[in-house]
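Participant: sequence unknown, structure follows:
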């Protein structure tokens, strides 16, 4: 099993920045891809970004390209999501995710989920 613990959420005004962190513990050697998803009230959970282990290939949703950056520190088993230029439509609960594979992760092929952290962007 792998446990994921998010931190760094909060409230910010439009145009501001936040950095989310996700610390993984447990059988982390089984994880190939980590990423972030988000869920706004009344909506489905949507893909935000992923990063693979090893070569650190990144992949972003079109809605966040150029504003969000995903990175990872393998020594700390931690993944980060730097969010700049935040917009009110970015308001959501952000979930850290981990997968044992690399295929279909952005489509929700996830093995482990964190509990989520709230991000609120006011206009």
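Facilitator: Nice, I can see it. Quick caveat, the model's predicted, so the values are computed rather than measured. Residues are numbered from 1 along each chain as shown.

Participant: Tell me where this protein has helices.
Facilitator: For the chain, no helices turn up when DSSP state H is the criterion.

Participant: show me where it has strands.
Facilitator: Here the chain has its strands, by DSSP state E, at 2-7, 10-13, 18-26, 33-39, 45-52, 58-60, 68-73, 78-83, 92-99, 112-113, 117-122.

Participant: Show the model's pLDDT score for the residue positioned nearest the centre of the chain.
Facilitator: The residue lying closest to the centre of the chain (Cα atoms, centre = their mean) is residue 36, at 2.1 Å. pLDDT, residue 36: 98.

Participant: nearest residue to it other than its sequence neighbours?
Facilitator: The shortest distance from residue 36 to any non-neighbouring residue, by Cβ to Cβ, 6 or more residues apart in numbering, is to residue 48 (4.2 Å). C-beta coordinates here come from the backbone N, C-alpha and C atoms, glycine included.

Participant: circling back to that earlier point, surely the residue nearest to the centre of the chain is in contact with residue 94?
Facilitator: Yes: under the criterion of Cβ atoms under 8 Å, residue 36 makes contact with residue 94 at 5.8 Å.

Participant: Now for those two: what residues contact both?
Facilitator: Counting by Cβ atoms under 8 Å, 6 or more residues apart in numbering, the contacts common to residue 36 and residue 94 are 20, 48, 81.

Participant: just those now: which is nearest residue 88?
Facilitator: Nearest to residue 88 among the shared contacts of residue 36 and residue 94, counting by Cβ to Cβ, is residue 48 at 16.1 Å.

Participant: for this protein, which spans come out with low pLDDT?
Facilitator: Under the criterion pLDDT under 70, no range of the chain is flagged.

Participant: Pull out the buried positions in stretch 34-43.
Facilitator: Across stretch 34-43, burial judged by 16 or more other Cβ atoms under 10 Å covers 34, 35, 36, 37, 38.
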